[in-house]
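1. The amino acid sequence is not available; the structure is as follows:
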């Protein structure tokens, strides 16, 4: 479907702004649609039987990947779970009709018995990724491993060595590689429309409430318990840059800080918890009562009842749990803003910025080439061809089937992982362990550069 844009709308879409008068001359203001994307890989085959999996960690991400089995029972069956929080474990067992003998308290218990599934899905907290990943590989399981791979580079290398020694397939949950939008971005770059890729600008707006929920009050607030935010949150983005650019990274630098969510910024009249009679609670943008109780947002980590009025349970969680704390009085230490500059081979430069202080989410990306320019925000992608003076437009919601989170990437990952395991062909999986390691090395080197005030060399030797 073609759509007519006014001159002002087109210039805004292309981020030309005030330069529009100088640049608009020969351009056509009819924006043509890019072709619809084909979701299926022609190499995929109908599975002879559903692959069986056991999930280590029945939190948010474990449930996301397991739900693929409910949508595609001919491809995947969940047969076991390990989860220390009783209510989560009980719900998971009920949802997937798991035999009680395969319902474990911790991940270690999975390996107290012989191999009973094809795959282990590791979605434990970040600091508990290495142990279950290594044990699963050693016991002959293929592994779907939530990012970040591990907390240190040495642990990443240990997992790789085990993978090679035991000839297992390990997929890393870099789900954005599987979203239709970013696959279209990759397709545009690889098509040559942009000519020689010269530079990339990439921005992750975390959104202020999401920041407060996950990285101030939540599970990823403290680097020692999780990872620096560049690894726990933004290794997605470093991975996207490496994947889309398609060249090894050479040098990297970084700057960042925790600027706002500190006790010194606690307003007068605020209290340790939002439920303690805080005088500024009604107007605070980070009020737990507003976010969770009144607006009913970000409830997934509160383990609420599945039936009846959840209001009293929310208030109980806010009075006793981590999500009711004042954002200025938490034990958080991860950054609320950070920038990274990267030099790739062939003199391609990339800048990445993540920031907590936005009212929106959705990554923004600009790609500049010798014969074209692409610009998008995960919802819409515009591609300008300098040779033809044409602008094409790709609307994700119209051109792709979005059946899961991360713009369809969650289920896209699981689908490709199951195909890779069933066919014993890791090339069917974009985010193998080998393919994902460079983005982690980039993150570790960027943190070194930030701490030391240096430009660090990135050399991946596997």
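-> Nice, I can see it. Source: prediction; values computed, not measured. Numbers count the residues shown, from 1 in each chain.

2. low-confidence ranges in this structure?
-> Applying pLDDT under 70 to the chain flags the ranges 1-40, 400-402, 404-407.

3. try 90 this time
-> For the chain, applying pLDDT under 90 flags the ranges 1-42, 60, 224-225, 300-301, 303, 305-308, 396-410, 412, 459-462.

4. per-domain residue ranges of the protein.
-> The record's domain parsing of the chain by automatic domain parsing lists 3-33, 181-261+333-405+435-457, 276-324.

5. looking at the ones you listed, which is buried most?
-> Stretch with highest mean neighbour count among the domains of the chain: domain 181-261+333-405+435-457 (a mean of 19; mean count of other CB atoms under 10 Å). For every residue, glycine as well, the C-beta is placed using N, CA and C.

6. Just the terminal-to-terminal distance for that one.
-> 31 Å (CA to CA, to the nearest Å).

7. thinking again about what came up before, and residue 129, which of the domains of the chain is closest to it?
-> For residue 129, the closest of the domains of the chain is domain 181-261+333-405+435-457, at 9.7 Å, according to CB to CB.

8. picking up where we left off before, can I get the domains of the chain in TSV with distance to residue 427?
-> Output for the domains of the chain, formatted as TSV (distance: least, CB to CB, whole Å):
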stretch	distance to residue 427
domain 3-33	31
domain 181-261+333-405+435-457	10
domain 276-324	34
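
9. Of all those domains, which one comes closest to residue 87?
-> Residue 87 lies closest to domain 276-324 among the domains of the chain, at 5.3 Å (CB to CB).

10. what separates stretch 389-399 from the chain centre, distance-wise?
-> What separates the centre of stretch 389-399 from the centre of its chain is 24 Å, taken as CA atoms, centre = their mean, to the nearest Å.

11. Ignore what I typed, I meant stretch 72-82.
-> 23 Å.

12. Could you list the buried residues of it?
-> 72, 75-82 (16 or more other CB atoms under 10 Å).

13. Including distance to residue 336 and secondary structure, could those residues go into CSV?
-> Shown next, in CSV, are those (distance: CB to CB, whole Å; DSSP: H, G, I helix; E, B strand; the rest coil):
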residue, distance to residue 336, secondary structure
72, 38, coil
75, 40, coil
76, 38, strand
77, 42, strand
78, 37, strand
79, 41, strand
80, 38, strand
81, 34, strand
82, 33, strand
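
14. of all these, which comes closest to residue 424?
-> Using CB to CB, residue 75 comes nearest to residue 424 of the buried residues of stretch 72-82, at 15.9 Å.

15. roughly how far apart are that closest one and residue 60?
-> Residue 75 is 22 Å from residue 60, where distance means CB to CB, to the nearest Å.

16. If you count contacts, what does the lengthiest helix in the chain end up packed against?
-> Longest helix of the chain, by residue count under DSSP state H: helix 433-452. Here helix 433-452 touches helix 153-166, strand 170-172, helix 229-232, helix 235-245, strand 249-257, strand 337-344, strand 456-457, going by 3 or more CB pairs under 8 Å, 6 or more residues apart in numbering; DSSP states H and E.

17. which one of the domains of the chain lies closest to residue 88?
-> Smallest distance to residue 88 across the domains of the chain (CB to CB): 6.4 Å, for domain 276-324.

18. Quick one: neighbours of the residue lying closest to residue 145 once chain neighbours are set aside, just the number.
-> Of all residues not flanking residue 145 in the chain, residue 122 sits nearest, at 4.8 Å (CB to CB, 6 or more residues apart in numbering). Residues lying near residue 122 (other CB atoms under 10 Å) number 28.

19. do the one 4 residues further on as well
-> Other residues within reach of residue 126, judged by other CB under 10 Å, total 20.

20. With residue 314 as the reference, measure out to it.
-> 26 Å.

21. Check residue 84 too.
-> Relative to residue 314, residue 84 is positioned 23 Å away (CB to CB).

22. Same check on residue 204?
-> 29 Å.

23. go on, residue 292?
-> Counting by CB to CB - residue 292 and residue 314 are separated by 5 Å.

24. Which neighbours do those two have in common?
-> Common contact partners of residue 292 and residue 314 (CB atoms under 8 Å, 6 or more residues apart in numbering): 299, 302.

25. can the helices and strands packed on helix 433-452 go into JSON lines with extra columns for distance to residue 103?
-> JSON lines is the format used below for the helices and strands packed on helix 433-452 (distance: least, CB to CB, whole Å):
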{"stretch": "helix 153-166", "distance to residue 103": "26"}
{"stretch": "strand 170-172", "distance to residue 103": "24"}
{"stretch": "helix 229-232", "distance to residue 103": "28"}
{"stretch": "helix 235-245", "distance to residue 103": "31"}
{"stretch": "strand 249-257", "distance to residue 103": "41"}
{"stretch": "strand 337-344", "distance to residue 103": "40"}
{"stretch": "strand 456-457", "distance to residue 103": "45"}
